[in-house]
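Asker: What follows is a predicted structure for the sequence shown.
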Amino acid sequence: VCGKKADEGAAKAGGKETLQDIGSDTMVNLAQAWAEAYAAVDPAVSVEVSGGRFGRGHRGAAERHGQHRERKPHHGLARDREGQGRGDGPKEFLVAYDGLAIYVHKDNPLNEISIEELGEIYREGGKIDDWGALGVKSIPGAKGTAIVRVSRQNNSGTYQYFREHVVGKTKDYKPGSLDMNGSKEVVELVAKTPGAIGYSGLGYATPDVKILKVAKKKGEPGVLPSIATVHDNTYPISRPLFMYTPGDPPAHVKQYIEWVMSDAGQKIVEESGYVPASQEVAVERATSPPGPVLADERAEEPPRRPPAAVAGRPWPRA
Amino acid sequence: VSNVRYGVLALIIGSLSVTTLAMLIAVPFGLGAAVFVSEFCGQRARETLKVVIELLAAIPSVVWGFIGISVMNPLIQHVFSVPVGLNVLNGALLLALMSVPIIVSIGEDALKAGARLLPRGVDGAGRHALGDGAARAAPGRRRTACLRGVLLGVGRAIGETMAVLMATGHAINIPKSVFDPVRTLTATIAAELGEASSDRRTTRCCS
């Protein structure tokens, strides 16, 4: 499914090649970590990351170079446009996976939720408006038990994905959700609001929020998002993240993407809290516990030191 | 995506509710402060206060928005026992804080201009004409000038984007109380401008 639209345009500036990486808010943390690390790998190439939105990056790839963009079923916001110039459309590269985590306030006693229940919370006409319906009698620090729905603005890829997989393709979101402009804002608001629930990429987890186990159906055991559960598909709401180039990438862009998909690049994926694209990396690391995600087990997780590549991030993992 | 619906009512009501509440807070304080500064302050205090108030007007709206999220949000949650503090009240308080300096500044100028007009009118018409003519014109001029200050404040409030985008919760919702989150017209334009169209031309028209 859609995650990131990157546009790798090249420009020679003072002997240094520039590579533009434009894309969705979902992946911007990861793209930045890659760009920083790549400076050491190939100092002759500077990678410029501009985060933003799903729609923006897509338009970058499709429009800037006048490329025809095929409408693919999994591209919620794909736009058709007359092709000019090179005949081949944008190239797609699967670079990582992301678990879409369901966040609640850290004091919320709830540990598990099913897709149906999430649908009832977020869908227009859905019946769940109160934590009581999920068996939560009170949340410490919360005033009342009303559910505060935190969602995303409607041009976000995460919004589209959540709509297709949880709310329902032909259904609307229940009006009145707080629509944040970024993945990080969702987590920040949930952290400050005891009655809130929100959805956002796994990479945005902080110690101030709790990640719920998600069950495919009510009654089935819930699963925490982790590298292993995203890879074996037991975690129900995860998605692949793509990079796009307008047509065949030039050599230095190709090299960058190859590096991104190499072990070194995929290690950064994991360190940034996303799920590596290649199974091997994941299996190799499966021996170490996944991330500090988790609802009920957080207390047992030892604090982790920030890895050098992503030092300064609020909650780095691995 | 099927099930497409259009409607702007919630956004218009969102903008109006936040602005109206902001003005209900800002106008009494703004005009009151203007009267205080122009009539009751000594020369030094007046100059200092004017500078400070005008500095307040220079605070960028994104900073107000941040204050809304990080200070007002928990404060409103706590004080009013509501589930979320990003709502009409939060946005209106920020807008009031942003409009007050403008209302004070313009209002104070107006009162001062009126005050200057008064003795001149008195002199021109003779001492006992105090109740007539120019002397009576002065309060009228003050009123219009004060109104101008208020309208500029309203303009600032209704056109404000960043602070309300951050502080009102950005929820499509027709508010039933001041503690409901809303979404304003301006915030919607700001948040979705990039998505306005696949056509860059239209986007330029919007901006």
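Answerer: Done, it's in.

Asker: A:P43 - how many residues pack around it?
Answerer: 9 (other C-beta atoms under 10 Å in any protein chain shown). For glycine as for every other residue, the C-beta is placed from the backbone atoms N, C-alpha and C.

Asker: Please disregard the earlier target; I meant A:W34.
Answerer: Counted by other C-beta under 10 Å, the residues lying close to A:W34 total 27.

Asker: Look up how far A:I102 lies from it.
Answerer: According to C-beta to C-beta, to the nearest Å, A:W34 stands 27 Å off from A:I102.

Asker: Which parts of chain A are strands?
Answerer: For chain A, the strands defined by DSSP state E occupy A:10-13, A:16-22, A:45-50, A:91-105, A:112-114, A:148-152, A:178-180, A:196-201, A:209-211, A:213-215, A:238-245, A:275-276.

Asker: what lines up beside the third one in the sheet?
Answerer: Take DSSP bridges as the rule and strand A:45-50 pairs in its sheet with strand A:16-22 (parallel).

Asker: Show me which positions of the partner strand end up buried.
Answerer: Under the neighbour-count criterion of 16 or more other C-beta atoms under 10 Å in any protein chain shown, strand A:16-22 has A:17, A:19-22 buried.

Asker: Same check on stretch A:265-282?
Answerer: In stretch A:265-282, counting by 16+ other C-beta under 10 Å, buried: A:265-278, A:281-282.

Asker: Among the residues you listed, show me the least confident.
Answerer: Looking at these by pLDDT, the weakest one is A:A282, with 44.

Asker: If I look at A:E124, what pLDDT would I see?
Answerer: Reading off the model, A:E124 has pLDDT 90.

Asker: ah, wrong one, I meant A:W131
Answerer: Note for A:W131: predicted pLDDT of 93.

Asker: Kindly tell me how buried it is, as a neighbour count.
Answerer: For A:W131, the count of nearby residues is 25 (other C-beta under 10 Å).

Asker: now do B:F66
Answerer: 15.

Asker: need the contact list for it.
Answerer: By C-beta atoms under 8 Å, 6 or more residues apart in numbering or on different chains, the contact set of B:F66 is B:M166.

Asker: gap between it and A:E185?
Answerer: For B:F66 relative to A:E185 (C-beta to C-beta), the value is 12 Å.

Asker: ditto for A:A196
Answerer: 12 Å.

Asker: pretty sure B:P74 is touching A:K192, no?
Answerer: Yes. Look at B:P74 against A:K192 with C-beta atoms under 8 Å: they come within range, at 6.2 Å.

Asker: Those two - which one has more neighbours?
Answerer: Higher neighbour count among B:P74 and A:K192: A:K192, with 19 against 13, using other C-beta under 10 Å.

Asker: pretty sure the more buried one is in contact with B:N73, am I right?
Answerer: Yes. Counting by C-beta under 8 Å, A:K192 touches B:N73, with 6.1 Å between them.

Asker: okay if I get the buried residues of strand A:16-22 as TSV plus pLDDT and distance to A:T206?
Answerer: Listed next are these as TSV, based on pLDDT from 0 to 100; distance: C-beta to C-beta, whole Å:
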residue	pLDDT	distance to A:T206
A:E17	79	36
A:L19	83	30
A:Q20	82	29
A:D21	82	24
A:I22	81	26
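
Asker: which residues does the closest residue to chain B within the stretch 1-150 of chain A contact?
Answerer: Closest residue of the stretch 1-150 of chain A to chain B, C-beta to the nearest C-beta: A:K143 (4.1 Å). Counting by C-beta under 8 Å, 6+ apart, A:K143 touches A:194-195, B:77, B:81-83.

Asker: and what of B:A157?
Answerer: Contact analysis of B:A157 by C-beta under 8 Å, 6+ apart lists B:18-19, B:22-23, B:26, B:95-96, B:98-99.

Asker: let's see it at 7 Å
Answerer: B:19, B:22-23, B:95, B:99 (C-beta atoms under 7 Å, 6 or more residues apart in numbering or on different chains).

Asker: which among those residues end up buried?
Answerer: If we count by 16+ other C-beta under 10 Å, these have these buried: B:19, B:22-23, B:95, B:99.

Asker: ok, the residue nearest to A:F242 when sequence neighbours are not counted - how many residues close by?
Answerer: Using C-beta to C-beta, 6 or more residues apart in numbering or on different chains and skipping the chain neighbours, the partner closest in space to A:F242 is A:E92 (5.2 Å). When counting by other C-beta under 10 Å, one arrives at 15 neighbours for A:E92.

Asker: Surely A:E92 touches A:T245?
Answerer: No. Contact criterion C-beta atoms under 7 Å: A:E92 and A:T245 do not qualify, at 8.6 Å.

Asker: what about B:I25, is that helix, strand or coil?
Answerer: helix (DSSP: H, G, I helix; E, B strand; the rest coil).

Asker: what's the neighbour count on it?
Answerer: So B:I25, with other C-beta under 10 Å, has 18 neighbours.

Asker: what about it, distance to A:Y256?
Answerer: For B:I25 relative to A:Y256 (C-beta to C-beta), the value is 53 Å.

Asker: what do you get for B:L193?
Answerer: From B:L193 to A:Y256 the distance is 30 Å (C-beta to C-beta).

Asker: swap in B:I59?
Answerer: 42 Å.

Asker: Just want to know which of those two has more residues nearby.
Answerer: Per other C-beta under 10 Å, whichever of B:I59 and A:Y256 has more neighbours is A:Y256, with 26 against 14.

Asker: Pull the contacting residues for the more buried one.
Answerer: Here A:Y256 is in contact with A:19, A:38, A:45, A:47 (C-beta under 7 Å, 6+ apart).

Asker: Adding distance to A:K169, write the residues you listed out as JSON lines.
Answerer: Below are those laid out as JSON lines (distance: C-beta to C-beta, whole Å):
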{"residue": "A:L19", "distance to A:K169": "36"}
{"residue": "A:Y38", "distance to A:K169": "38"}
{"residue": "A:V45", "distance to A:K169": "40"}
{"residue": "A:V47", "distance to A:K169": "36"}
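
Asker: if we look at stretch A:183-190, which residues are touching it?
Answerer: Stretch A:183-190 has contacts (C-beta under 7 Å, 6+ apart) with A:25-26, A:103-105, A:150, A:152, A:158, A:178, A:180, A:196, A:198, A:200-201, A:204, A:206, A:209.
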